[in-house]
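# Predicted structure and sequence below. I'll ask about it afterward.
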Amino acid sequence: MQKIIIIGAGPVGLLLAHYLLSRRNYQVEIYERRLDPRLAEQSNQRTFPIALQSRGLNAIDRILGLKVALAKKGVWSQGVFIHSKQGKPRRINRKMPSLLIDRNQLNLVLLEHLLEKHSRDLVKVKFDCSCVGINLESQEAILQSNNGERFTTKYDRLVGADGVGSQVREVLTARADIQCQQNFIPDVYKSLHVPRIAPDKTVELAGNCLHTSTLDKGVRLVMAPQPDDWLHGTLIFSPDNNPLENCTTDEAVLAYFQENIPFLKPLMRLEDAAVLRQRPVSKILTVKCDRMHVGDRILLVGDAVHAVSPSIGQGCNASLQDVQVFAQCLDRYEDKWEEALPAFTAKRLSDIHALRELSDYTFPRSKPMMLEFIFRLTIGKKLRPWFPLLKNPLPMELIMESELPYSEVLKRGQGWINRVRQSMQN
């Protein structure tokens with residue numbers, strides 16, 4: 001029986017543990033620097049929603065009972081409402097529903113399901129514990145508890161699933177075993193929370209759709225309904241165009257939303273504006289690596305190896321899909337990691353690199369292209385049979401309504417991607 005150490009108890013690390021333990025020839029130890037989510041106080045102000053779509057859901061569905069358990073903690077979304085200052089919102093229906101779920105809840109379900117299903121002889125999860133080094137020669141991970149205590153543990157295989165700030169990746173790049181590019185995306189954001197139903201019950205936004213709005217100068221808002229009748233989302237903008245920069249009071253923030261985002265006017269309260277004003281602006285770091293494994297014993301998955309912009313909602317979905325693809329490689333090579341690891345990199349890397357480009361350039365920034373984008377996703381889809389110029393779906397449509405590999409989506413949508421890139425350079 002092989003001992004697998006997984007650094008990182010986020011969604012991808014926990015799902016990988018599910019997959020490995022289902023193969024019945026592995027013992028798994030998971031180390032996570034954050035607090036145990038079962039003990040930490042849960043707050044909807046300190047997390048973010050995730051839209052699980054077909055790629056992520058298919059990976060989850062391979063573990064018996066997991067998708068059903070997650071559905072109880074989330075909301076099924078059937079489409080998107082695009083709101084504007086004038087007129088009724090436009091609705092874009094989706095052929096494939098998404099499961100909107102809070103990241104804390106996603107993690108909790110994955111963790112609890114894992115520990116209920118497998119004995120402590122086979123799986124151990126330790127929180128408050130960081131990876132501070134790796135000795136590749138002796139196959140030892142060097143770990144440190146948050147109280148400062150250091151210890152080492154040996155492994156047969158090591159998995160870096162420790163997110164965008166991956167310590168495993170940093171060790172490997174320092175040794176020049178892997179090449180890595182890291183960049184901040186051009187946009188920054190603030191997260192916000194508002195009730196989905198007005199206090200006087202006169203207004204209620206649909207609880208089975210995302211709600212979006214595009215303002216002037218590239219400011220965008222995306223809101224996801226949650227099971228507790230809240231909307232949880234992000235206000236996205238460029239660093240030099242913070243729409244709230246001159247709002248020095250809570251009342252000013254509230255007035256900005258009432259004037260510019262009318263669909264939230266009956267919902268947003270002064271206390272919601274106060275929390276938003278005090279919340280710092282957040283940046284998003286992207287990661288692009290030239291491989292997803294090192295040697296025959298180390299695997300990198302998820303944001304540790306391919307963190308991307310959240311603009312098209314595929315980061316978590318792609319990370320969960322990593323697990324499914326790697327399991328397919330283990331199947332093919334009968335759990336011989338020395339063959340499965342390079343096969344995984346060969347099979348997955350082109351899709352992951354394509355996802356980086358899709359995440360950066362699928363969503364338009366200019367107003368003319370945004371109008372075209374909305375038209376083609378709504379009216380254009382209905383007119384497609386009669387107008388050949390509209391026959392090619394946008395990349396966003398292929399991502400949301402098909403299970404094509406990301407590399408194929410990029411190939412089919414390269415014309416649109418090039419146009420968006422060009423508009424951003426002008």
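That came through fine.
# Helices of the stretch 301-426 of the chain, residue ranges please.
303-306, 315-332, 337-361, 367-377, 379-383, 395-401, 406-412, 414-425 (DSSP state H, counting those that start in this stretch).
# Compare those and give me the one nearest I60.
With C-beta to C-beta, the closest approach to I60 among the helices of the stretch 301-426 of the chain belongs to helix 315-332: 6.4 Å. For glycine as for every other residue, the C-beta is placed from the backbone atoms N, C-alpha and C.
# Measure how far the closest one is from the centre of its chain, please.
15 Å (C-alpha atoms, centre = their mean, to the nearest Å).
# Kindly report the same for stretch 139-153.
That offset, for stretch 139-153, works out to 29 Å (C-alpha atoms, centre = their mean).
# returning to what we had before: for the helices of the stretch 301-426 of the chain, which has the smallest mean pLDDT value?
Mean pLDDT is lowest for helix 379-383 among those, at a mean of 68.
# now the helices of the stretch 301-426 of the chain as CSV including mean neighbour count and distance to I197?
Converted to CSV, the helices of the stretch 301-426 of the chain look like this (neighbours: other C-beta atoms under 10 Å; distance: least, C-beta to C-beta, whole Å):
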stretch, mean neighbour count, distance to I197
helix 303-306, 28, 34
helix 315-332, 22, 27
helix 337-361, 20, 33
helix 367-377, 16, 27
helix 379-383, 14, 30
helix 395-401, 21, 27
helix 406-412, 19, 37
helix 414-425, 14, 36
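# closest one to V123 among the ones you listed?
helix 315-332 (15.5 Å).
# what's that closest one in contact with?
11-12, 15-16, 19, 23, 50-53, 55-56, 58-60, 62, 103, 106, 292, 299, 301-303, 306-308, 337, 340-341, 343-344, 347-348, 351-352, 355, 359, 406 (C-beta atoms under 8 Å, 6 or more residues apart in numbering).
# just the CA coordinates of it, formatted as CSV?
Extracted C-alpha coordinates of helix 315-332, given in CSV (Å, rounded to 0.1, in the frame of the first residue of the first chain):
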residue,chain,number,x,y,z
GLY,A,315,-11.1,27.7,-12.0
CYS,A,316,-12.6,25.3,-9.6
ASN,A,317,-14.3,23.2,-12.3
ALA,A,318,-10.9,22.7,-14.1
SER,A,319,-9.2,21.8,-10.8
LEU,A,320,-11.8,19.1,-10.0
GLN,A,321,-11.5,17.9,-13.6
ASP,A,322,-7.8,17.5,-13.0
VAL,A,323,-8.6,14.8,-10.5
GLN,A,324,-10.8,12.9,-12.9
VAL,A,325,-8.2,13.1,-15.7
PHE,A,326,-5.4,11.9,-13.4
ALA,A,327,-7.6,9.0,-12.3
GLN,A,328,-8.0,8.0,-15.9
CYS,A,329,-4.3,8.0,-16.3
LEU,A,330,-3.9,5.7,-13.2
ASP,A,331,-6.5,3.4,-14.8
ARG,A,332,-4.7,3.3,-18.1
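# State the distance from S98 to L35.
28 Å (C-beta to C-beta, to the nearest Å).
# Tally up the residues packed near R33, please.
By other C-beta atoms under 10 Å, 21 other residues sit near R33.
# Export the longest strand along the chain to PDB, keeping only CA atoms.
In the chain, assigned by DSSP state E, the strand with the most residues is strand 180-195. Taking C-alpha atoms only, strand 180-195 is exported to PDB below (Å, rounded to 0.1, in the frame of the first residue of the first chain):
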ATOM      1  CA  CYS A 180       6.300  29.000 -13.600                       C
ATOM      2  CA  GLN A 181       4.900  32.400 -14.600                       C
ATOM      3  CA  GLN A 182       2.900  34.400 -12.100                       C
ATOM      4  CA  ASN A 183       0.900  37.500 -12.900                       C
ATOM      5  CA  PHE A 184      -1.900  39.600 -11.400                       C
ATOM      6  CA  ILE A 185      -4.900  39.900 -13.700                       C
ATOM      7  CA  PRO A 186      -5.700  43.400 -14.900                       C
ATOM      8  CA  ASP A 187      -8.900  43.600 -12.700                       C
ATOM      9  CA  VAL A 188      -9.400  43.900  -9.000                       C
ATOM     10  CA  TYR A 189     -12.600  43.300  -7.000                       C
ATOM     11  CA  LYS A 190     -14.600  43.700  -3.900                       C
ATOM     12  CA  SER A 191     -17.000  41.000  -2.700                       C
ATOM     13  CA  LEU A 192     -20.400  42.000  -1.400                       C
ATOM     14  CA  HIS A 193     -23.500  40.400   0.100                       C
ATOM     15  CA  VAL A 194     -27.100  41.600   0.000                       C
ATOM     16  CA  PRO A 195     -30.500  39.900   0.700                       C
END
